[in-house]
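Chemist: predicted model follows, preceded by the sequence.
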Amino acid sequence: MDPYALKMLNAERRARRAAILVTDLGDGRDRIVREGDQVAGDLGAAVARAFRSGNSGSVEAEGRTFFLNAHLPQPRLVVIGAVHISQALAPMARIAGYPVEIIDPRTAFATPDRFPDVALHAEWPQDVLKRQPLDSYTALAAVTHDPKVDDFALKAALDANCFYIGALGSRKTHAKRVERLLALGATADQIARIHAPIGLDIGAASPAEIAVAVLAQAIHAFRSRGLDAKGAAA
Amino acid sequence: MENSVYLDEARDPLIIAEGWMKDGKDVAIATVVETWGSAPRPVGSHLVIDADGNFHGSVSGGCVEGAVVNEAIDVIDSGKARMLEFGVADETAWQVGLSCGGRIKVYVERLG
């Protein structure tokens, strides 16, 4: 392995960015491909598949055998709001492979009693996100219904290009939210990425069913991320 | 699955390999490139080895690491990468094997 490739790969992994180490198993040459880098032909298609699935494996391309080792950051879910929906969402998401953190400055809501075995921050999103910034392998669900708590986190999620951003509230509530986010400096294109009302439309009626709808929407966003761009690049 | 969100740098084989390299050590990296049937570690898993035989990580559940370390020391000397294949102990030419009944292919290469 090329020492420079190893350094570059570790730097990407430390920064929670996706990278693939492509090794030619014939001559041992290797190189790092980062998400968004252009790779032509059959190898490019295989690289795009590996970024999407996170699966490593060998591929035949241009008469050679390449090994693609996909290093994807662990996707995670940050929930703004220690509410009833979050109580159901946290264990479900963890089981599905998405570790959860819950942020809510309202100490009456954010109690370990209500949220056993969950990383829980009874603090303002501003303070937590300063320490643990959002990134493109983080999903954010804002479910407090309270603009004072939700808005900053939503703007931060847009700026960090979170792979999924959802916000609880009716269409009417969301229309007002859009105005506030525009005032905070978000662009209309950015705001269009927010899923609101939150969750897939499965007719969810209870908090737990809404949690299922949110989790399914977040998984869909993760597994289909970058599809258009990658298709165009291949 | 442990699902840790951030790298566990003290136990991460590739981070350790980079540290060894900075310390001026000769290093080999072994990678699981293919598995068939029941295999203890998934494709892409790493074992990193230094010239003294110190190692971190795993390519199996401890079944074949000893053999991989020996091969890795040769690879460090020669600089030539090798592809190793391990199956059930009785059915292969290798002295060690996987008791779980699976087969794995391990690519061993020198760093630098």
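Modeler: Arrived safely.

Chemist: sec struct for residue B:63, please.
Modeler: Secondary structure for residue B:63, judged by DSSP: H, G, I helix; E, B strand; the rest coil, is coil.

Chemist: need phi/psi at it.
Modeler: The phi/psi pair for residue B:63 (degrees, to the nearest 10) reads phi -70, psi -40.

Chemist: now residue B:35
Modeler: phi -140, psi 150.

Chemist: correct me if wrong: it contacts residue B:43.
Modeler: Yes - contact criterion CB atoms under 8 Å: residue B:35 and residue B:43 qualify, at 5.8 Å. For glycine as for every other residue, the C-beta is placed from the backbone atoms N, C-alpha and C.

Chemist: residues of chain B that sit close to chain A?
Modeler: B:1, B:3-7, B:14-15, B:17-18, B:21, B:29, B:31, B:33-34, B:42-44, B:81, B:83, B:107, B:109-112 (CB under 8 Å from any CB of the partner chain).

Chemist: how about the residues of chain A by chain B?
Modeler: Contact residues (CB under 8 Å from any CB) of chain A with chain B: A:1-3, A:6-7, A:9-10, A:13-14, A:16, A:23, A:25, A:28, A:55-58, A:67, A:69-70, A:73-74, A:76, A:94, A:97, A:99.

Chemist: which non-adjacent residue is nearest the closest residue to chain A within chain B?
Modeler: Closest residue of chain B to chain A, CB to the nearest CB: residue B:44 (3.5 Å). Nearest residue to residue B:44, sequence neighbours excluded (CB to CB, 6 or more residues apart in numbering or on different chains): residue A:56, at 3.5 Å.

Chemist: and that neighbour, how many neighbours?
Modeler: 22 (other CB atoms under 10 Å in any protein chain shown).

Chemist: what sits against whichever residue of chain A sits closest to chain B?
Modeler: Residue of chain A nearest chain B, by CB to the nearest CB: residue A:56 (3.5 Å). By CB atoms under 8 Å, 6 or more residues apart in numbering or on different chains, residue A:56 lies in contact with A:50, A:67, A:68, A:69, A:70, B:42, B:43, B:44.

Chemist: which parts of chain A are helices?
Modeler: A:3-14, A:41-53, A:84-95, A:125-131, A:147-159, A:171-183, A:188-191, A:207-223, A:227-233 (DSSP state H).

Chemist: wait, which of these is closest to residue B:71?
Modeler: Proximity to residue B:71, assessed across the helices of chain A by CB to CB, is greatest for helix A:3-14 (19.8 Å).

Chemist: could you pull up the mean pLDDT of the closest one?
Modeler: The predicted model assigns helix A:3-14 a mean pLDDT of 97.

Chemist: got the CA positions of that helix in PDB?
Modeler: Provided in PDB are the C-alpha atoms of helix A:3-14 (Å, rounded to 0.1, in the frame of the first residue of the first chain):
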ATOM      1  CA  PRO A   3       2.000   5.300   2.400                       C
ATOM      2  CA  TYR A   4       0.400   8.500   1.000                       C
ATOM      3  CA  ALA A   5      -2.800   6.600   0.300                       C
ATOM      4  CA  LEU A   6      -2.900   5.300   3.900                       C
ATOM      5  CA  LYS A   7      -2.400   8.800   5.300                       C
ATOM      6  CA  MET A   8      -5.100  10.200   3.000                       C
ATOM      7  CA  LEU A   9      -7.500   7.300   3.800                       C
ATOM      8  CA  ASN A  10      -7.100   7.800   7.600                       C
ATOM      9  CA  ALA A  11      -7.500  11.600   7.200                       C
ATOM     10  CA  GLU A  12     -10.800  11.000   5.500                       C
ATOM     11  CA  ARG A  13     -12.000   8.500   8.000                       C
ATOM     12  CA  ARG A  14     -11.100  10.800  10.900                       C
END
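
Chemist: list the buried residues in it.
Modeler: A:5, A:6, A:8, A:9, A:10, A:12, A:13 (16 or more other CB atoms under 10 Å in any protein chain shown).

Chemist: likewise stretch A:145-157?
Modeler: A:147, A:149, A:150, A:151, A:152, A:153, A:154, A:155, A:156, A:157.

Chemist: contacts for it?
Modeler: A:78, A:80-81, A:103-106, A:124-126, A:129, A:133-134, A:138, A:140, A:142-144, A:165, A:167-169, A:173, A:177, A:180-181, A:184-186, A:194.
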